[in-house]
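**Student:** Pasting a predicted model and its sequence here:
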Amino acid sequence: MAKKPSLRDRLKDVKNPLATSLGALDVVLLGGMGELKEEQRRFLEVAKKNLEKVFVEMEKIKESLGKESK
């Protein structure tokens, strides 16, 4: 029988593509894919800000899991 993934494992599975997405947004926002119109820039900045919030919350969950296991 396969072992059920832990919450810590699931966080890691979500964190990796999230970090990649944040990196891609940075490249686009820094002009790596060409010049952006102001409306495009604002839209991508909102997306980046919200992804960063998710990332921070995931770190808080990970930290709380570490405290619970001690």
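**Tutor:** Thanks, I have it.

**Student:** which residues of this structure score low on pLDDT?
**Tutor:** 68-70 (pLDDT under 70).

**Student:** ok, which stretches of it are strands?
**Tutor:** When assigned using DSSP state E, the chain turns out to have no strands.

**Student:** ok, longest helix in the chain?
**Tutor:** helix 38-68 (DSSP state H).

**Student:** Quick check: closest non-adjacent residue to the residue nearest in space to the middle of the chain.
**Tutor:** Centroid-nearest residue in the chain, with CA atoms, centre = their mean: residue 18, separated by 3.3 Å. Sequence neighbours aside, residue 55 is the residue nearest to residue 18 in space, at 5.8 Å (criterion: CB to CB, 6 or more residues apart in numbering). For the C-beta atoms, the positions are set from N, CA and C on the backbone; glycine is no exception.

**Student:** How about residue 48?
**Tutor:** Per CB to CB, 6+ apart, closest to residue 48 is residue 25, 4.5 Å.
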